[in-house]
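Enquirer: Sequence first, predicted model second:
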Amino acid sequence: DGGITQSPKYLFRKEGQNVTLSCEQNLNHDAMYWYRQDPGQGLRLIYYSQIVNDFQKGDIAEGYSVSREKKESFPLTVTSAQKNPTAFYLCASSISFSDTEAFFGQGTRLTVV
Amino acid sequence: GEDVEQSLFLSVREGDSSVINCTYTDSSSTYLYWYKQEPGAGLQLLTYIFSNMDMKQDQRLTVLLNKKDKHLSLRIADTQTGDSAIYFCAESTPLIKAAGNKLTFGGGTRVLVKP
């Protein structure tokens, strides 16, 4: 089955640690995205990638980093510089960057303890 | 600038129609979307409408777009308990500094369907 897989579903991190969230897609999509969702708020764009080996900052990139070494994979690292990392993180992909019909993964809930 | 607003909460009785409203500010929107999010899950695309259309119907879903007022609505006919979820509207707008488009989401409307 084609789709987007995020792992893990739940993640706990101690303050001061970096943590990496996985996102894999087998839809052969060029574009991939990371969003952050906080309660009662819409999704905010962290980073996006139009094509492999390229990525750009979104609206709230500070404290996050990404890589896009393979078309299928777009991991997100939440660094210790992110002041308020507890949130629900959603990965998405679309056929191309000009096509915003995005398909979403099931999300990773990150909690800092 | 871009801003998408939705009401926070809607309660409806099973079998009635639900209407979820959304307003946006960016007149350069090309597509407008409705997504559904069930608890603890990702977003599921329900339907979308191109900005030069004013209505789209898809089974129980009807999307109405008033481009002059920048108002989008989603009507769900014969609402079922399985329709209880958070519904997000989103607009697609061109990027300023790069080719391509971005999605801007509203804050979501939580719909509760009562039996």
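Expert: Received, thanks.
Enquirer: Please work out the average pLDDT along stretch B:71-84.
Expert: On average, the pLDDT along stretch B:71-84 is 96.
Enquirer: go on, stretch B:12-19?
Expert: In the prediction, stretch B:12-19 has an average pLDDT of 97.
Enquirer: How about stretch A:79-92?
Expert: What stretch A:79-92 shows for mean pLDDT is 92.
Enquirer: my read: residue A:10 touches residue A:107, true?
Expert: No. Residue A:10 lies out of contact with residue A:107 (CB atoms under 8 Å); the separation is 9.8 Å. Where you see a C-beta, it was placed from the backbone N, CA and C, and this is true even at glycine.
Enquirer: in chain A, what spans have low per-residue confidence?
Expert: Low-confidence segments of chain A (pLDDT under 70): A:1-2, A:100.
Enquirer: All the strands of it, residue numbers only.
Expert: A:4-7, A:10-13, A:19-25, A:31-37, A:43-49, A:56-57, A:64-66, A:76-78, A:87-94, A:103-104, A:108-112 (DSSP state E).
Enquirer: So which of these is nearest residue B:19?
Expert: Closest to residue B:19 of the strands of chain A, according to CB to CB: strand A:43-49, at 22.6 Å.
Enquirer: Show me what that closest one pairs with in its sheet, parallel or antiparallel.
Expert: The sheet places strand A:43-49 alongside strand A:31-37 (antiparallel), strand A:56-57 (antiparallel), with pairing taken from DSSP bridges.
Enquirer: Highest mean neighbour count out of those?
Expert: Each of the strands paired with strand A:43-49 was given a mean neighbour count from mean count of other CB atoms under 10 Å in any protein chain shown, and the largest, a mean of 25, is that of strand A:31-37.
Enquirer: thinking again about what came up before, of residue A:10 and residue A:107, give the one with the bigger neighbour count.
Expert: The residue with more neighbours, out of residue A:10 and residue A:107, is residue A:107; 22 against 10, by other CB atoms under 10 Å in any protein chain shown.
Enquirer: of all the strands paired with strand A:43-49, which lies closest to residue B:61?
Expert: Once those are compared by CB to CB, strand A:31-37 is nearest, at 23.0 Å.
Enquirer: Residues in contact with that closest one: which ones?
Expert: A:23, A:25, A:43-51, A:58, A:60, A:64, A:66, A:68, A:74, A:76, A:87-97, A:99, A:102, A:107, B:100, B:105 (CB atoms under 8 Å, 6 or more residues apart in numbering or on different chains).
Enquirer: Would you work out how far apart the start and end of stretch A:78-89 are?
Expert: Terminal residues of stretch A:78-89 are spaced 10 Å apart (CA to CA, to the nearest Å).
Enquirer: For residue 17, give me its contacts.
Expert: As the question left the chain open, I've gone with chain A. residue A:80.
Enquirer: nope, chain B
Expert: Counting by CB under 8 Å, 6+ apart, residue B:17 touches B:75, B:76, B:77, B:78, B:79.
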